[in-house]
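1. Here is a sequence together with a model predicted from it:
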Amino acid sequence: MSDNPKIFPKLVVGLWSADALVRMRAADATEKVTREHPEFLRPYKQKLLGLMSEAREQELRWHLAVMIPRLLLNARERQIAISSLNRYLDDRSSIVKTFALQGLADLAQNEPRILPRVVEILREATRNGTPAMKARSRKLLTRLERI
């Protein structure tokens with residue numbers, strides 16, 4: 001995939017497929033590719049922010065939670081992402097909640113204004129979250145406390 005970025009648009013289209021399995025696999029592949037190439041997401045920023053707000057499937061939610069912070073967001077877009085991530089913290093899925101914490105921490109690294117609130121959320125998760133949330137929050141707090 002990273003050798004052929006022309007395929008990426010077809011992968012992104014899969015996020016809106018009528019087939020749930022295709023959506024899930026497209027989300028997984030898109031997230032993995034953009035770890036190394038976050039710039040591939042740039043043309044899809046508005047659509048992805050919309051999908052983040054609308055997505056109901058946990059597989060889409062947890063991948064979007066870590067992909068969206070890879071984008072260069074203006075203040076309004078960042079607020080949309082933060083609102084969605086905060087809603088994800090109420091999801092019934094532990095993995096969605098865990099990746100929402102990750103997404104919030106990733107956004108806080110580049111937005112000092114939200115850092116105190118994100119640290120507060122992470123500290124709460126270390127006390128009352130699922131085991132996965134507690135472990136991830138401890139790691140994220142260690143990283144954010146260096147900022």
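-> It's in.

2. Show me the residue at the heart of this structure, geometrically.
-> residue 65 (1.5 Å; CA atoms, centre = their mean).

3. Can you name the residues that contact that residue?
-> 52, 85, 88, 96, 99, 100, 102, 103 (CB atoms under 8 Å, 6 or more residues apart in numbering). In this view, the C-beta of every residue, glycine as well, is placed from N, C-alpha and C.

4. biggest separation within those residues, which pair?
-> 52 and 102 (14.0 Å; CB to CB).

5. higher neighbour count, those two?
-> Neighbours of residue 52 and residue 102, each counted by other CB atoms under 10 Å, are more numerous for residue 52; the result is 23 against 19.

6. So what's the residue count around residue 144?
-> For residue 144, the neighbour count with other CB under 10 Å is 16.

7. Could you do residue 138 as well?
-> Look at residue 138: counted by other CB under 10 Å, it has 14 neighbours.

8. tally of neighbours for the nearest residue to it once chain neighbours are set aside?
-> In space, and not counting its chain neighbours, residue 138 is closest to residue 126: 5.7 Å by CB to CB, 6 or more residues apart in numbering. The local packing of residue 126 (other CB under 10 Å) involves 16 other residues.

9. ok, now how distant is residue 126 from residue 86?
-> 18 Å (CB to CB, to the nearest Å).

10. Repeat that for residue 100.
-> According to CB to CB, residue 100 stands 8 Å off from residue 86.
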